[in-house]
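# dropping the sequence and predicted coords here.
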Amino acid sequence: INGGGAATLSANSQALPFLERPAALDGSLAGDVGFDPLGFAKSRDDLLNYREAEVKHARLAMLAAAGWPLSEVFDKKIAAALSMDPLLDSADRVPSLLNGGLGKVSPAYWVGCIGLAAMIDVFGQLRMKSKKDADYLPGDFGLR
């Protein structure tokens, strides 16, 4: 709670002072400055669902930002250790949709990635639905 909670919040959004603060944004979550200009979060449950999605997308973006350059650095070493052909092209670029290299990647890999992502998402949704009490935080898998 920032600065004493909802009782100290102004009627206007801190992020957009010319708009009213949305009702679901009561200042109880970190970073809550009343930014919901399109009014997507109609209730606290909606807000927690959107916050959960935001955390998941941020984590995926961080993994991608680290994984892309690391895969270019370590692809040949990992492939050699596993007695496989490297996936990098002649210019040492990672296979992507843009360079036409995705055909080199096994479909089993994509099935495994999608299956793992689905399993993590289902686990998170089940945890979110079972922890509707005050101690649940969006994105918390309880791995501490």
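Arrived safely. Numbers count the residues shown, from 1 in each chain.
# from here on, contacts and neighbour counts on C-alpha atoms
Noted.
# what's the single longest helix in the protein?
With secondary structure taken from DSSP state H, the chain has its longest helix at helix 44-81.
# after that helix, next one along is what?
Downstream of helix 44-81, the first helix or strand assigned by DSSP states H and E is helix 107-130.
# returning to that earlier point: now the angle from the longest helix of the chain to helix 107-130?
150 degrees (axes from the mean of the first three to the mean of the last three C-alpha atoms, to 10 degrees).
# in helix 44-81, what counts as buried?
By 16 or more other C-alpha atoms under 10 Å, the buried positions in helix 44-81 come out as 47-49, 51-52, 56, 71-72, 75-76.
# repeat for stretch 25-39
25-27, 29, 32-36.
# just send those back as CSV, with pLDDT, secondary structure and distance to Asp140 too.
Shown next, in CSV, are the buried residues of stretch 25-39 (pLDDT from 0 to 100; DSSP: H, G, I helix; E, B strand; the rest coil; distance: C-alpha to C-alpha, whole Å):
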residue, pLDDT, secondary structure, distance to Asp140
Leu25, 84, coil, 20
Asp26, 83, coil, 21
Gly27, 80, coil, 19
Leu29, 78, coil, 14
Asp32, 82, coil, 18
Val33, 84, coil, 22
Gly34, 83, coil, 22
Phe35, 86, coil, 22
Asp36, 84, coil, 23
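# would you format those as CSV with distance to Leu143 included?
Shown next, in CSV, are the buried residues of stretch 25-39 (distance: C-alpha to C-alpha, whole Å):
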residue, distance to Leu143
Leu25, 27
Asp26, 28
Gly27, 26
Leu29, 20
Asp32, 25
Val33, 28
Gly34, 30
Phe35, 30
Asp36, 30
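# farthest-separated two in those residues?
Spatially, the most separated pair among these is Leu29 and Asp36, at 13.6 Å (C-alpha to C-alpha).
# check contacts around the most far-flung residue of the chain relative to its centre.
When distances to the mean C-alpha position of the chain are computed (C-alpha atoms, centre = their mean), the maximum falls on Ser83, with 33.5 Å. Going by C-alpha atoms under 8 Å, 6 or more residues apart in numbering, Ser83 touches no other residue.
# by mean pLDDT, which helix or strand of the chain comes out lowest?
In the chain, no helix or strand scores lower on mean pLDDT, DSSP states H and E than helix 107-130, which sits at a mean of 86.
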